[in-house]
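K.L.:
need a 3D model of the sequence below.
(2 chains)
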Number of protein chains: 2
Amino acid sequence: MYPKSLEELIEYFKLLPGVGAKTAERYALLMLDTSEEDIQGFAKALIDCKTNIHTCLICGNYSEDDTCLICQDTSRNKRIICVVQSAKDIIAMEKTREFNGVYHVLQGVISPRKGVLPEDLNIQSLMRRVDQGVDEVILATNLTLEGETTALYLAKLLEEKNCLTTRIAHGLPMGGHLDYADELTLIKALEGRKQMKND
Amino acid sequence: MYPKSLEELIEYFKLLPGVGAKTAERYALLMLDTSEEDIQGFAKALIDCKTNIHTCLICGNYSEDDTCLICQDTSRNKRIICVVQSAKDIIAMEKTREFNGVYHVLQGVISPRKGVLPEDLNIQSLMRRVDQGVDEVILATNLTLEGETTALYLAKLLEEKNCLTTRIAHGLPMGGHLDYADELTLIKALEGRKQMKND
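P.N.:
Residues are numbered from 1 along each chain as shown, chains lettered A, B, ... in the order given. As a prediction, this is how the structure comes out:
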């Protein structure tokens, strides 16, 4: 019993991740109370985002130009490459404000189950970048089975190269409780233990 | 470090109710993976919804025409009017598929605190409809202090009219547990108790 325009908008909101019928309805109804200007802006932003954003020719990050803002940034250390599964991971990493190197997006992980083989990933372009001379490659694929497999595969390939290859640390997350942690995390946390320093 | 187009889209998603920075980000990132066609459709649906949807001249419901689908429906009983606070409540009522009358949207409730007085609500138009002859007016404002005040105010006005005035029932919600119910709900549930029938 919705007017047709409203029903259509609800259907589109349902495309969003984790948005069911109820939430889509709330979103659409709010749009009715939103100013004409904001609606026009929202619609334009949707189209602009799709039209303007491509992947960086160097690293595969989201970008409006041929190369992304990070690759363009002369203050970043181009000799440290952090390898991630997807461009979304770059956003997470950047929020830490801790990393001053550059990135390389694999656009996936090796997964025989899903039919994703090494040649489907941006591995060749990574090797070309490494050959141009880098000091360190940080493997920051997810700590899942597939992410680990991919990291091991890349580590093997990078063995012959003249660079340090590292893997992000495993362990308990900050604020993590031992009794909530799964066994594997605890094993990795033990394995990765470090000597406490007395300053 | 987002491309500008992406940042803008995220800001617009933040307009949605209950959507913070993190969720807006997820929504915007998903849009990058959505087909060109869906994006165009989404943008159009937003604008269409704003442009095409007005309030029904009779009841105040959302409508694309002068009068809404419910007021136009000849199978609905025009002699029973259900009075609600907002057009959103009609959607909730319609989902029950139990009510075959028509609606009247007050566009708010009496709230001296927020400066909303009876003359700010669609009460005059309701009285005109009642004067044209109805059998029953169901007061379905929310069971809040302001909703109750408004219901009492309308009941008083309707006393002189030649129609039955009813209020939706108070009580425990379906599946409700006594030990989770607040006092007032329990009191209302007791007051509204009904004799059990032995069939």
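K.L.:
tell me the spacing between the most centrally placed residue in chain A and A:His104.
P.N.:
Residue closest to the mean C-alpha point of chain A, counted by C-alpha atoms, centre = their mean, is A:Asp89 at 1.8 Å. Distance, A:Asp89 to A:His104, using C-beta to C-beta, to the nearest Å: 11 Å. Using the backbone N, CA and C atoms, a C-beta is placed for each residue, glycine as well.
K.L.:
flag the shaky bits of chain A, pLDDT-wise.
P.N.:
A:1, A:195-199 (pLDDT under 70).
K.L.:
can you give me the strands for it?
P.N.:
In chain A, the strands defined using DSSP state E lie at A:54-55, A:62-63, A:80-84, A:102-105, A:136-139, A:164-167.
K.L.:
distance to B:Ala181 and mean neighbour count added to the ones you listed, as CSV?
P.N.:
What follows is the strands of chain A, written out as CSV (distance: least, C-beta to C-beta, whole Å; neighbours: other C-beta atoms under 10 Å in any protein chain shown):
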stretch, distance to B:Ala181, mean neighbour count
strand A:54-55, 55, 16
strand A:62-63, 50, 24
strand A:80-84, 50, 22
strand A:102-105, 53, 25
strand A:136-139, 55, 20
strand A:164-167, 54, 16
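K.L.:
between these, which gets nearest to A:Leu69?
P.N.:
Proximity to A:Leu69 (C-beta to C-beta) singles out strand A:62-63 among the strands of chain A, at 7.1 Å.
K.L.:
packing partners for that closest one?
P.N.:
Here strand A:62-63 touches strand A:54-55, going by 3 or more C-beta pairs under 8 Å, 6 or more residues apart in numbering or on different chains; DSSP states H and E.
K.L.:
try 10 Å this time
P.N.:
Other helices and strands packing on strand A:62-63, by 3 or more C-beta pairs under 10 Å, 6 or more residues apart in numbering or on different chains; DSSP states H and E, are helix A:36-52, strand A:54-55, helix A:69-72, helix A:87-95, helix B:4-13.
K.L.:
contact partners of that strand?
P.N.:
For strand A:62-63, the external contacting residues (C-beta atoms under 10 Å, 6 or more residues apart in numbering or on different chains) are A:49, A:52-57, A:68-72, A:87-88, A:90-91, A:105, B:1-3, B:5-6, B:29, B:32.
K.L.:
if you set the cut-off to 6 Å instead, what comes out?
P.N.:
Outside strand A:62-63, the residues that touch it by C-beta atoms under 6 Å, 6 or more residues apart in numbering or on different chains are A:53-54, A:56, A:87, B:3.
K.L.:
for the residue nearest to the centre of chain A, give its distance to A:Ala140.
P.N.:
7 Å.
K.L.:
picking up where we left off before, which of the contacts of strand A:62-63 are buried?
P.N.:
For those, a burial check counting by 16 or more other C-beta atoms under 10 Å in any protein chain shown picks out A:53, A:56, A:87, B:3.
K.L.:
between those residues, which is closest to A:Leu172?
P.N.:
Using C-beta to C-beta, the shortest approach to A:Leu172 within those belongs to A:Ala87, at 27.7 Å.
K.L.:
got the contact list for the closest one?
P.N.:
Contact analysis of A:Ala87 by C-beta under 6 Å, 6+ apart lists A:61-62, A:105.
K.L.:
would you turn the residues you listed into CSV with distance to A:Ile10?
P.N.:
Formatted as CSV, the contacts of A:Ala87 follow (distance: C-beta to C-beta, whole Å):
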residue, distance to A:Ile10
A:Asn61, 33
A:Tyr62, 28
A:Val105, 34
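K.L.:
between those, which sits nearest chain B?
P.N.:
The nearest member of the contacts of A:Ala87 to chain B, counting by C-beta to the nearest C-beta, is A:Tyr62 at 5.5 Å.
K.L.:
what are the buried residues along stretch A:173-190?
P.N.:
A:181, A:185, A:188-189.
K.L.:
cool, stretch A:20-33 as well?
P.N.:
For stretch A:20-33, by 16+ other C-beta under 10 Å, it's A:23-29, A:31-32.
K.L.:
which members of these additionally contact chain B?
P.N.:
Among those, the residues that sit close to chain B (C-beta under 6 Å from any C-beta of the partner chain) are A:26-27, A:29, A:31.
K.L.:
not counting its neighbours along the chain, what's nearest A:Gln63?
P.N.:
Rather than Gln, residue A:63 is Ser. In space, not counting the residues next to it along the chain, A:Ser63 is nearest to A:Cys56; the distance is 4.2 Å by C-beta to C-beta, 6 or more residues apart in numbering or on different chains.
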